[in-house]
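1. Here is my input, please return the structure:
(one chain, ligands or ions: 1)
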Amino acid sequence: MSHDPAGDDQHGHHDHSHLEGMELKVRTLESLLVEKGYVDPGALDEIVETYETRVGPRNGARVVARAWRDPAYLERLRQDATSAIAELGFTGRQGEHMRVVENTPEIHNMVVCTLCSCYPWSVLGLPPVWYKSAPYRSRAVSEPEAVLAEFGVTLPEGKTIRVWDSTAEMRYLVLPERPAGTEGWSEERLADLVTRDSMIGTGLARAAGEVS
Ligand code: FE
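-> Have a look, this model is predicted:
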């Protein structure tokens, strides 16, 4: 499943004419395959859904879990996120200039791309449809509390929300707060608490009791 970021690096943001050409090719190919009976459209949707919500974000979840467990790794992530993420083998397009923004009891971070859909592919996989939507792109900046409420997130009174606007030059990964009651957990177990949305900032990490 390839998804071309379409000239993103040359122009600051996406070259939309190229993107449209690529989408057209993909759609044509898809309808041809469906028409010939080679693929089931439901199965295709399931594959995309898998990459959006599971495969891709597992990389980011490992970065977060490592940072929660290993203070030296957290420090490397703060100093140079691109290299620290590459240490775990996650590199590639749209992951070249990474910055990790840490949630704390005082600050909640949220990521958007106001101009198009810049997203840290190497750690989060495919961007969700809502991330690319015009309402999210504008409202994440103008009314972040309302957007968070729609995602089911209510922050404690007095917490500051910081919104980070991604570009081709800088991609952000939110480091969610480590849930209480997870002392001594393995990296693998911790990673199960880290959702995709918690690394975009439209969610929080799962509570310790939410996974078995
Ligand atoms: Fe963009």
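2. If you count residues, where's the longest helix of this structure?
-> The longest helix of the chain (DSSP state H) is helix 16-35.
3. How about it and the ion, touching?
-> No - using Cβ under 5 Å from the ion, helix 16-35 never reaches the ion; the gap is at least 10.5 Å. Quick note: C-beta positions are derived from backbone N, CA and C, even for glycine.
4. For the helix or strand following that helix, give the mean pLDDT please.
-> The first helix or strand that comes after helix 16-35 along the chain, using DSSP states H and E, is helix 41-50. If you average the pLDDT over helix 41-50, you get 81.
5. What about the residue sitting nearest the centre point of the chain? Give its phi and psi, please.
-> By Cα atoms, centre = their mean, the chain has its centre lying nearest to residue 124, at 4.1 Å. With angles defined as degrees, to the nearest 10, residue 124 sits at phi -120, psi -10.
6. looking at it, it is touching residue 199, isn't it?
-> Yes - when contacts are counted by Cβ atoms under 8 Å, residue 124 is listed as touching residue 199 (6.2 Å).
7. Remind me what the longest helix of the chain packs against, helices and strands.
-> Under the contact criterion of 3 or more Cβ pairs under 8 Å, 6 or more residues apart in numbering; DSSP states H and E, helix 16-35 touches helix 41-50.
8. related to what we said a few turns ago, give the residues shared as contacts by residue 124 and residue 199.
-> Residues touching both residue 124 and residue 199 (Cβ atoms under 8 Å, 6 or more residues apart in numbering): 57, 60, 173.
9. Please, where are all the helices along this protein?
-> Per DSSP H, the chain carries helices over the ranges 8-11, 16-35, 41-50, 56-69, 71-79, 81-87, 121-124, 129-132, 134-142, 144-150, 187-191, 196-200.
10. Thanks a lot, catch you later.
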